[in-house]
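Engineer: The following block contains a protein sequence and its predicted model.
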Amino acid sequence: MLSILTALDGLNKKHKIIIDKKLVIILSNLYFIIMAMSNYKVITIIISLVVFINNSKSQITITSTEMPSANDTIRYSIVQQALGADFKSTGTNKTWNFSSLNASSQDIYHFKSSSTTPYIFNFGFGAIGLKMADSLGTGQMGLKDIYNFFKKSTSRWEAIGIGFKLSVLPVPQAGKYTNNDEIYQFPLNYGDKDSSTFNLNLPLSAYSFSIGNFFRWGTRVNYVDGWGKITTPYKADQECLRIKSIITETDSFSISISGQAPINFAFPSNRTEYKWLSKTEKIPVLEVTGNEIGGNFVATAIKYRDNYKNISNPLAPLADFTADDITPETGQTVNFTNLSSNNPMNFLWEITPPNYTWENSTNNQSKNPKVKFSAAGKYTVKLTASNLAGKNTTTKTEYITVNNNASAIELDNLMIKSYPNPANDVINFELPDLKNQFIKIFVFDINGKNVISENFQCNGKKSLNVSTLAEGKYSAVLLADNSMFISIFGVKKQ
C-alpha cells in the first residue's frame, strides 16, 4: 500500500496530476494485483486510471431532461457584434471565456403546449410550440402567428412542423416534417457524431383552396467536438458540451393561383451552428450561427442565456409615430407618419387584429405606411425601429378605432363560434348578427373538396347535419350579403 502512495505522490509532482482522495481507496483495492506486475506496469495502470476517473468526472452528458418543456419561459440576450471572439476554438477540458459579449437587446422564449396554440388541430396535445414571430412578410402572402413545433423523447429533440396564418385569411395552417429535423440525438457525449436528413412539406391555402406549397429539405451533421467550462456575462465556469452543427438546407416555394402565372423558386439556406449546452439552462448557454468563408467563421447571429437587463444604447433609435386619422371609417385609408429618432435604418409595423391592407405600394417595413381597414373595431399598432446600435419598440394599444361604413361594400373575414367541436352528428354555428339574412354555407374538407352546400334564412343560429362526414378537420364558409364568416371544426365519430 505504501508503494502505491509513493507512486501517486511521484505522479503528482512529475506530471502535475490532481489526485482525488477517492482514487486512493479505489487503487488500494487493486494492491495485490498491482504487486504482481512490474513497476512500469504499475505506473502505466495508475496513470490510465487517474486520467479515466478525472475525465469521467469532468465531462457532462446531455439528455432529454435538459431540453425545454411546455410552460418554460427563458430569457436570452442578443449580440450584434463580437469583434475578436473565437467561436471555432474547441478541445477537451477547454475553458471558453466570452465574458466580454455586449448585449444589444433581449427577448424571451415562451415554450407552450401545442394545445394552447391556434394549431391544436394540426399538432394535437403532445407537441411543444415556440412562437418565432408575430408577422413575417407583407401583402396577401404575409404570414402571422408563426410557430415552430418540437417533440421531446428520451432519444431525440426534433422539429416536427410549422404553424402560421396567411395575412389574407387568418385561419390556422400548418406543415409537418415528413422526415423530422433531429436537432439533437441523446445521449450527447464528447466525441459523438450523428447525421440526419429532414423534409418539410407545408401546404399553402386560402379559403380552403390550395394555392401552392413551401418545401424545406436538407441534412444536419452534429459533432460533439469539445467539453469544459464556459463563461458569459450570465454566469462563469458553467460545465458544458460544445456541439458543432453543419446544416445544408434548401427552401423552395411553388405557388399556383388561378389566372396568374405559376411561381417556382428555391434558395439555399446553409449554415454552421455552434452551441454550448449545460445541465441547467434548457437552451444553449451560448448559440452562434454563421458561415465558413475562406476557412474563417463569420457569425451572423449570437444569442446567450441571460437574466433581465435594462439595456439602453444611446445610439439606438427611439420609435414613435402618429396617424392622420385615429377614428376612420371602414374602407378609408389612414396615413401613418414615422417620428422615430436617432437615425433608424429599418422599421417593422405590426397591427392587430389583421383586418386591413397595406395601400399605395407600402408594406409593414415602409417608413410611412398607408393602411386601409376592412372591419370595424379597435386596432393596436406597434412600431419597431432599428439600426446597427439596437432597436426600440413602441406600442399604442387600441390606437385606431374603426367605425363601420354602412355604404361600403366590403368583405369581413371573421371567425364565428361553432360547437360542439369536434362534432359527431350536428355542428351549431352562432350567428347573432345575421338574423333575417339569407345565408349560403359551404363546407370543405382538408383537401379543399366541397362536401356540403346549403342555403338558409338565418334566425341567429344554424344547426348543420354532419353525420355523413368522415372523421377529420373541416372549414365552413358562410356568405351573407357583403360579409364572409369562417369556422374551423372537426368531426369525430363516437
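Structural biologist: Cool, the structure landed. Since the model is a prediction, treat every value here as computed from it, not as a measurement.
Engineer: okay, CA-based contacts and neighbour counts for the rest of this
Structural biologist: OK.
Engineer: And this protein, what are its domain boundaries?
Structural biologist: Here the chain is described, according to automatic domain parsing, as comprising the domains 2-58, 64-305, 321-402, 413-491.
Engineer: Dihedrals phi and psi, S64?
Structural biologist: phi -60, psi -20 (degrees, to the nearest 10).
Engineer: In space, what's closest to it - neighbours in sequence excluded?
Structural biologist: Excluding the flanking residues, the one nearest S64 by Cα to Cα, 6 or more residues apart in numbering is T154, at 5.4 Å.
Engineer: what's the closest of the domains of the chain to P314?
Structural biologist: Among these, the nearest to P314 by Cα to Cα is domain 321-402 (8.3 Å).
Engineer: Helix, strand or coil: sort out the residue nearest to S64 for me.
Structural biologist: coil (DSSP: H, G, I helix; E, B strand; the rest coil).
Engineer: Looking at it now. What's its pLDDT?
Structural biologist: As predicted, T154 sits at a pLDDT of 96.
Engineer: in the protein, which spans are helices?
Structural biologist: Using DSSP state H, the helices of the chain run over residues 2-15, 21-28, 31-35, 39-58, 120-123.
Engineer: Go through those helices and find the least confident stretch.
Structural biologist: helix 31-35 (a mean of 39).
Engineer: Might you list the low-confidence residue ranges for the chain?
Structural biologist: Within the chain, the stretches with pLDDT under 70 are 1-58, 134-142, 166-170, 205-209, 257-260, 405-415, 481-483.
Engineer: 50 instead?
Structural biologist: 1-8, 10-56, 406-413 (pLDDT under 50).
Engineer: which strand in it runs the most residues?
Structural biologist: strand 209-231 (DSSP state E).
Engineer: What pairs with it, parallel or antiparallel?
Structural biologist: strand 94-97 (parallel), strand 193-206 (antiparallel), strand 238-255 (antiparallel) (DSSP bridges).
Engineer: Check which residues of the shortest one are buried.
Structural biologist: Just to be clear, that refers to strand 94-97. Burial within strand 94-97, assessed by neighbour count using 16 or more other Cα atoms under 10 Å, is assigned to K94, T95, W96, N97.
Engineer: dump the residue contacts of the second one.
Structural biologist: T95 makes contacts with G228, K229, I230, D237, as judged by Cα atoms under 8 Å, 6 or more residues apart in numbering.
Engineer: likewise A476?
Structural biologist: A476 touches I441, F442, V443, F444, I486, S487, I488, F489, counting by Cα under 8 Å, 6+ apart.
Engineer: Can you spell out which residues form a bridge with the first one?
Structural biologist: Spelled out, that is I441. E454, L478.
Engineer: wait, doesn't it sit right on V477?
Structural biologist: Yes. Here I441 reaches V477: they are 5.7 Å apart, a contact under Cα atoms under 8 Å.
Engineer: follow-up on the earlier one: how about the contacts of A476 in CSV, adding distance to T380?
Structural biologist: Converted to CSV, the contacts of A476 look like this (distance: Cα to Cα, whole Å):
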residue, distance to T380
I441, 32
F442, 32
V443, 32
F444, 33
I486, 23
S487, 24
I488, 25
F489, 28
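Engineer: Can you tell me which of those residues is nearest K309?
Structural biologist: Nearest to K309 among the contacts of A476 is I488, at 41.8 Å by Cα to Cα.
Engineer: In contact with the closest one, which residues are there?
Structural biologist: I488 neighbours (Cα under 8 Å, 6+ apart): V171, K473, Y474, S475, A476.
Engineer: if you set the cut-off to 7 Å instead, what comes out?
Structural biologist: When contacts are counted by Cα atoms under 7 Å, 6 or more residues apart in numbering, I488 touches Y474, S475, A476.
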